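# Got a predicted model here, sequence first, then my questions.
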There are 2 protein chains.
Amino acid sequence: MTGGLRERKKQATREALSAAALRLALERGPENVRVDDIAEAAGVSPRTYNNYFSSREQAIVAGLHTGQFAAVDGPLSEAVVRFYTHAGRSPEALAMITGNAALRACYADTATTLEAPLAEAIAERHPGVDPLAAQALAAAVAAAARVALRQWLRPTTTPGLVVVSGSLPDLVRTALSPLQPALDALDAPADQAS
Amino acid sequence: MTGGLRERKKQATREALSAAALRLALERGPENVRVDDIAEAAGVSPRTYNNYFSSREQAIVAGLHTGQFAAVDGPLSEAVVRFYTHAGRSPEALAMITGNAALRACYADTATTLEAPLAEAIAERHPGVDPLAAQALAAAVAAAARVALRQWLRPTTTPGLVVVSGSLPDLVRTALSPLQPALDALDAPADQAS
DNA sequence: GCAAAAAGATGCGCGCACGCAAATTTGCGT
DNA sequence: ACGCAAATTTGCGTGCGCGCATCTTTTTGC
């Protein structure tokens, strides 16, 4: 089984809250959604809402971040790229996020989701490296991805400048490119000496 | 001149607020300091306090983060290490931060201060690299440093485990070590092809 | 000097996050 | 089927961050 009734019910309310938050935000605009509205739409108390999400933005964004990290094989950098490409996002939701500073920040922060699983993956693949170094490298990759996300979401409000933020995968690849030597060095640990 | 009267006065209140926040936190413990207390101790209105800091933790931590980034010469990684080593921290303040989750998080976040100046430094030294890549690399370095900080501040509440978090410079160096190949590659951009 | 303008400080009000404790629901052994 | 223990929900109260309008102080232009 996937878990007891307890677990499933919990996941259900989480999704209900997230869905309600996203729907309401799309309907009225993010600024016109009160926390109480979300809770009511999901059929729970406002206090319960805060047991699941610690900010309105989190609730809205939660549903869009369906990407799961799976470094089954191949280079890590491509796994990272896949992680973002697979997320399910609707154009309207994307437009909304782009237009709101708080939502942009919150969505960019989802890059942090990488940190833990990536650190674990690195530690597993390369048991020789210092655990702290593995953590740090994972955090570094996540941070780079975060920058790519930020760039991708940047609103094009300055009509004078050329804003050619390409496709997200390309942006992620570009942001990851300077870290490539570091990732490659993992597989060739020959010359690590001082 | 260092600026007009306006500028100096502003800096003065900022420091007054930060100093008051730190002092009160040390006296009563961080949890027993209300924002109003800080404002009163600094001689400004509570609302004004929030014009300078957007959280109690920021105000408390602000005074401890005196490190300035200066990549005048030498390798970037050492400049980063210096950045953290030069910060003025008292043992008592450090103990307080270690013992409080919110303060720990806030202090670890000061690593972000690196991001902007480091990105600029990289862009200046290596005009050839993609601006986004420079940003990403800077963010990556900052993130690694952040991990080192987090490790350094980790409370030793688990008496069973060995917690040998060494000196901060060493931790930063370790965290930065996996990124060293990436930083080295900046100076030798000849063979980038796969 | 002086008046207009710019920048900052302040008061007010709203919505929000969260600790705490009581009430309710669920899991499980008997 | 029953009841107890654990987990979850809920209501309440507190402190907080911040937008907005207003008042005060500093700067600027003449």
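That came in fine, so what should we check first?
# Return the alpha-carbon coordinates of the helix or strand hosting A:Arg146 using PDB.
Using DSSP states H and E, the element containing A:Arg146 is helix A:131-153. What follows is helix A:131-153, C-alpha atoms only, in PDB (Å, rounded to 0.1, in the frame of the first residue of the first chain):
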ATOM      1  CA  PRO A 131      30.300  14.700   2.900                       C
ATOM      2  CA  LEU A 132      30.500  18.400   3.500                       C
ATOM      3  CA  ALA A 133      31.900  18.800   0.000                       C
ATOM      4  CA  ALA A 134      29.100  16.700  -1.500                       C
ATOM      5  CA  GLN A 135      26.600  18.900   0.300                       C
ATOM      6  CA  ALA A 136      28.300  22.000  -0.900                       C
ATOM      7  CA  LEU A 137      28.500  20.800  -4.500                       C
ATOM      8  CA  ALA A 138      24.800  20.000  -4.400                       C
ATOM      9  CA  ALA A 139      24.000  23.400  -3.000                       C
ATOM     10  CA  ALA A 140      26.200  25.000  -5.700                       C
ATOM     11  CA  VAL A 141      24.300  23.200  -8.500                       C
ATOM     12  CA  ALA A 142      21.000  24.100  -7.000                       C
ATOM     13  CA  ALA A 143      22.100  27.700  -6.700                       C
ATOM     14  CA  ALA A 144      23.100  27.800 -10.300                       C
ATOM     15  CA  ALA A 145      19.800  26.300 -11.300                       C
ATOM     16  CA  ARG A 146      18.100  29.000  -9.200                       C
ATOM     17  CA  VAL A 147      19.800  31.700 -11.100                       C
ATOM     18  CA  ALA A 148      18.600  30.100 -14.300                       C
ATOM     19  CA  LEU A 149      15.100  30.100 -13.000                       C
ATOM     20  CA  ARG A 150      15.300  33.700 -11.900                       C
ATOM     21  CA  GLN A 151      16.500  34.700 -15.300                       C
ATOM     22  CA  TRP A 152      13.700  32.700 -16.900                       C
ATOM     23  CA  LEU A 153      11.000  34.400 -14.800                       C
END
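# Can you spell out which helices and strands pack onto whatever helix or strand comes next after that helix?
Using DSSP H and E, the helix or strand that follows helix A:131-153 in sequence is helix A:168-176. Other elements packing on helix A:168-176 under the criterion 3 or more C-beta pairs under 8 Å, 6 or more residues apart in numbering or on different chains; DSSP states H and E are helix A:76-85, helix A:131-153, helix B:131-153. All C-beta atoms are positioned from the backbone trio N, CA, C, and that covers glycine.
# what's the last one packed up against?
Based on contacts counted as 3+ C-beta pairs under 8 Å, 6+ apart, the elements that helix B:131-153 packs against are helix A:131-153, helix A:168-176, helix B:76-85, helix B:101-108, helix B:115-125, helix B:168-176, helix B:180-187.
# Enumerate the residues of chain A near DNA strand D.
Selection of chain A residues close to DNA strand D by C-beta under 7 Å from any atom of the strand yields A:Arg6, A:Lys9, A:Lys10, A:Thr13, A:Val44, A:Ser45, A:Pro46, A:Arg47, A:Thr48, A:Asn51.
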